[in-house]
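Chemist: Sequence first, predicted model second:
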Amino acid sequence: MRRASMIAGGAVLGIAGVIALPRPSTPQQVAVAGNSAAAGSGTGSTASAAEETTPGTAASSASTRAASTKPAARTVTGSLATDQYGQLQVKLTIRNGRITRVGFSTFIANDGHSVQIDQTAAPVLIRETIAAQSAHIQGVSGATYTSDAYQQSLQAAIDKAGLNA
Amino acid sequence: MATSTHQGASRPRAYCRDAAGAPVRRGYRWVPTLHHRPRHAPNRRHADVVSWLIGIGLGMTLALSVRTESFGDLSKAGGLATFGGRLSALAGTYLMLVVVLLISRLPAIERSLGHDKLVRLHRRFAPIALALIVAHGLLITLGYAQAASRGALHEFWVILTTLPGMLMATAGFVLLMAAGVTSYRIARRRISHEAWWLVHLTTYAAIILSFFHQVWTGASFVSDPVAKLWWIGLYALVFAAVMWYRLLVPVWRSAYHRLRVVAVYPEGSGTVSLVLKGHHLDRLRVNGGQFMQWRFLRPGIWWQAHPYSLSAMPMPPYLRVTVKDLGDHSGQLARITPGTRVAVEGPYGAFTRHAAERDKLLLVGAGVGVTPIRAMLEDLPAHADVDVILRATTEQELVLDEEVAELVERRGGRLHRLVGDRHQVSLTPELVRALVPDLGERELYICGPAGFTDRFIAVARYLGMRRDHIHHEEFAF
């Protein structure tokens, strides 16, 4: 009993200690499988330009290698789309007029819950884009803001690349 | 009535004999000795400090996870379930690390709380940790499914296949559950101790496997470097304690003492004493009543560790354990011949003179449970006033009783032998009061089979003994 109250007292101290600590700055890099920007946990304003290959395969080193050895591929960056939950910027890899990879040069969420939603939504959005080869995708329900921002940035990238989709 | 009470009776006997019953070489003759030099008292404050630290850690862990949440998040679809899932993940994992720490042989808690109490705490809280981790999996899946408007099973599949570290975490979860299920009493009775131990060993792998999904996807760690650092530090600390106290210290100690079996001789029905010879045994910090984990380095049995009490204080260069040949290794004791090398862990246990606050003691040993009592009798302070009760079903099972009688006589105490089956010796308050009239002034040390110790403790409690004046150790680990 005596030790149980020590543990309880310690817990109160621990909680108080954390409350006294300064809060971390909130906007956070979203970790997307295959996007090496995910490796950094800081407030990453300098996101690296790793790309997503076909859904499921996730090797950031492989994507950089692929980009340097195949000159036929080009990359296009979309517009920076911002909403109340964060901001993102799509980066496409285009080979022979087809979108072969989708990555993010920026993908920041404003809070922890949005990080989770974005992490779940991103692979689906990427898969849909590669299947549709256009910005006319279904989006992810439950991640409406992310889907809209994504489509907006994606459309800008497609326009810039001159793909007729 | 098969009860006989000897007032400090002592019969001469050669304590060490070989298998043929002839006294073994003089060097192994075990002379009961009274040790009056100060021993190694545990510091109870250490356990208090560890309790405070565990509490502070719990508070920090919970607070670090809550502060990444906002009220806005909670009201979103699936927000509440996700929040509950995260909280139970952190609480469950923290508790899991604590129960691992409890059995890490950390001296600060091992020496003051005692090994069997720590194992009991481990058994009580590990299932709670597992339940919290199960809740974490369910709640997170539900929360994410609501957020993404998907079916729970579909969402589970998406989480498993898209989030980093999730396959490893799932494998770890399966291993943890296996360790939990095999530890339930019903399962423990059906599988061997070794099979249980192997399954339990994989929980270390399970904890490491589940670590990666925590730091890669955990909301409080992805977005908060302080929380991430704290979490990694916590894992590193527990990992270091386990590696150090459960692996490196025993290996070092075994190499330092280089123990070998030098004699094996029978003590009574199915009970043998092993005499071991080693180096630097004066440096082994033993209190009478403690046990060690013994590994006999012979093919096929070297990987099994057996908890045996020292049945006498070390007499450098010798140690002695007295063992009843039961359980999984029955028959294996025959393979432990003189010359066998032995690896050790310990000594462990708080069943020592330091647990008592009074000088008047009642020591009770049933069957082979006499062994820690026998060692403690050598180690008690000179002014200790001892009453000893030895319990056995037959005279042959009354082991080490001459040695106990000699020590009790030299201390001016009283020895009572209770021999007979449970119908002949019925353990009633009247009997105990007749044997030990001043029970209320004594502290009780009791070691024996669970059925006997439970009954005796119930009687002692009935006679008004305070719970904190009862010290017991079960030898059926």
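Modeler: Structure received. Residues are numbered from 1 along each chain as shown, chains lettered A, B, ... in the order given.
Chemist: contacts, neighbours, all on C-alpha from now
Modeler: Noted.
Chemist: and the residue lying closest to residue A:146 once chain neighbours are set aside, helix, strand or coil?
Modeler: The shortest distance from residue A:146 to any non-neighbouring residue, by C-alpha to C-alpha, 6 or more residues apart in numbering or on different chains, is to residue A:118 (6.8 Å). With DSSP: H, G, I helix; E, B strand; the rest coil as the basis, residue A:118 sits in helix.
Chemist: count of neighbours near residue A:118?
Modeler: Neighbour count of residue A:118, defined by other C-alpha atoms under 10 Å in any protein chain shown: 26.
Chemist: quick one, phi/psi of residue B:442?
Modeler: The phi and psi values for residue B:442, taken as degrees, to the nearest 10, are phi -110, psi 160.
Chemist: coming back round to it: for the residue nearest to residue A:146, give its distance to residue B:143.
Modeler: According to C-alpha to C-alpha, to the nearest Å, residue A:118 stands 14 Å off from residue B:143.
Chemist: Can you list the strands that the lengthiest strand in chain A pairs with?
Modeler: For chain A, the strand with the greatest residue count under DSSP state E is strand A:98-109. Applying DSSP bridges, strand A:98-109 is found paired with strand A:28-29 (antiparallel), strand A:51-52 (antiparallel), strand A:86-95 (antiparallel).
Chemist: The closest residue to chain A within the stretch 351-477 of chain B - how many residues pack around it?
Modeler: Of all residues in the stretch 351-477 of chain B, residue B:468 sits closest to chain A, at 12.3 Å by C-alpha to the nearest C-alpha. A count of nearby residues for residue B:468, using other C-alpha under 10 Å, gives 11.
Chemist: Could you list the alpha-carbon positions for stretch B:282-297 in PDB?
Modeler: C-alpha atoms of stretch B:282-297 as PDB (Å, rounded to 0.1, in the frame of the first residue of the first chain):
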ATOM      1  CA  ASP B 282      34.100 -15.500   0.600                       C
ATOM      2  CA  ARG B 283      33.100 -12.800  -1.900                       C
ATOM      3  CA  LEU B 284      29.700 -14.300  -2.500                       C
ATOM      4  CA  ARG B 285      27.200 -12.100  -0.700                       C
ATOM      5  CA  VAL B 286      24.900 -14.700   0.800                       C
ATOM      6  CA  ASN B 287      22.300 -14.300   3.600                       C
ATOM      7  CA  GLY B 288      21.100 -17.500   5.200                       C
ATOM      8  CA  GLY B 289      17.800 -18.400   3.600                       C
ATOM      9  CA  GLN B 290      18.600 -17.300   0.100                       C
ATOM     10  CA  PHE B 291      18.500 -19.400  -3.000                       C
ATOM     11  CA  MET B 292      20.500 -19.500  -6.200                       C
ATOM     12  CA  GLN B 293      19.600 -20.600  -9.700                       C
ATOM     13  CA  TRP B 294      21.700 -23.600 -10.600                       C
ATOM     14  CA  ARG B 295      22.600 -24.800 -14.000                       C
ATOM     15  CA  PHE B 296      24.400 -28.100 -14.200                       C
ATOM     16  CA  LEU B 297      26.600 -28.000 -17.300                       C
END
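Chemist: Flag every buried residue along it.
Modeler: B:286-297 (16 or more other C-alpha atoms under 10 Å in any protein chain shown).
Chemist: quick one on the thing from earlier: tabulate the strands paired with strand A:98-109 (JSON lines), appending mean neighbour count and mean pLDDT.
Modeler: Listed next are the strands paired with strand A:98-109 as JSON lines, based on neighbours: other C-alpha atoms under 10 Å in any protein chain shown; pLDDT from 0 to 100:
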{"stretch": "strand A:28-29", "mean neighbour count": "28", "mean pLDDT": "66"}
{"stretch": "strand A:51-52", "mean neighbour count": "30", "mean pLDDT": "38"}
{"stretch": "strand A:86-95", "mean neighbour count": "23", "mean pLDDT": "88"}
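Chemist: Can I get these in TSV including distance to residue B:158?
Modeler: Shown next, in TSV, are the strands paired with strand A:98-109 (distance: least, C-alpha to C-alpha, whole Å):
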stretch	distance to residue B:158
strand A:28-29	21
strand A:51-52	17
strand A:86-95	22
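Chemist: Quick one, which of those strands gets closest to residue B:314.
Modeler: Among the strands paired with strand A:98-109, the nearest to residue B:314 by C-alpha to C-alpha is strand A:28-29 (61.4 Å).
Chemist: Any figure for the gap between the residue nearest to residue B:288 when sequence neighbours are not counted and residue B:321?
Modeler: For residue B:288, ignoring the flanking residues on the chain, the nearest one in space by C-alpha to C-alpha, 6+ apart is residue B:376 at 4.0 Å. The gap separating residue B:376 from residue B:321 is 13 Å, by C-alpha to C-alpha.
Chemist: who's more crowded, those two?
Modeler: Taking neighbours as other C-alpha under 10 Å, residue B:376 and residue B:321 compare with residue B:376 leading, 26 against 23.
Chemist: part of a helix, is the more buried one?
Modeler: Yes. Checked against three-state DSSP, residue B:376 lies within a helix.
Chemist: contacting residues for it?
Modeler: By C-alpha atoms under 8 Å, 6 or more residues apart in numbering or on different chains, the contact set of residue B:376 is B:287-289, B:312-313, B:352-353.
Chemist: do that again at 7 Å, thanks
Modeler: For residue B:376, the contacting residues are B:288-289, B:352, by C-alpha atoms under 7 Å, 6 or more residues apart in numbering or on different chains.
Chemist: Residue B:473 too?
Modeler: B:116, B:351, B:446-447.
Chemist: neighbours around the residue in the stretch 101-250 of chain B that chain A sits nearest to, how many?
Modeler: Residue of the stretch 101-250 of chain B nearest chain A, by C-alpha to the nearest C-alpha: residue B:148 (3.9 Å). Counted with other C-alpha under 10 Å, residues neighbouring residue B:148 total 21.
Chemist: Please enumerate the helices of chain A.
Modeler: A:2-20, A:60-69, A:112-132, A:144-161 (DSSP state H).
Chemist: where exactly do the strands run in the stretch 351-477 of chain B?
Modeler: Using DSSP state E, counting those that start in this stretch, the strands found in the stretch 351-477 of chain B span residues B:360-366, B:385-392, B:414-419, B:443-448, B:470-474.
Chemist: Would you tell me which of those strands gets closest to residue B:232?
Modeler: Minimum separation from residue B:232 across the strands of the stretch 351-477 of chain B (C-alpha to C-alpha) falls at strand B:470-474, 36.5 Å.
Chemist: Put the alpha carbons of that closest one into CSV.
Modeler: What follows is strand B:470-474, C-alpha atoms only, in CSV (Å, rounded to 0.1, in the frame of the first residue of the first chain):
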residue,chain,number,x,y,z
ILE,B,470,4.9,-13.5,8.5
HIS,B,471,7.6,-14.2,6.0
HIS,B,472,7.2,-17.1,3.7
GLU,B,473,8.8,-18.5,0.6
GLU,B,474,7.3,-21.2,-1.6
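Chemist: buried set for stretch B:454-470?
Modeler: Those would be B:456-457, B:459-461, B:465, B:469-470, for stretch B:454-470 by 16+ other C-alpha under 10 Å.
Chemist: Pipe these into a markdown table and attach distance to residue B:76 and pLDDT per row.
Modeler: Converted to a markdown table, the buried residues of stretch B:454-470 look like this (distance: C-alpha to C-alpha, whole Å; pLDDT from 0 to 100):
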| residue | distance to residue B:76 | pLDDT |
| --- | --- | --- |
| B:456 | 59 | 93 |
| B:457 | 56 | 93 |
| B:459 | 59 | 93 |
| B:460 | 59 | 92 |
| B:461 | 56 | 92 |
| B:465 | 58 | 90 |
| B:469 | 56 | 91 |
| B:470 | 55 | 91 |
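Chemist: Perfect, that will be all.
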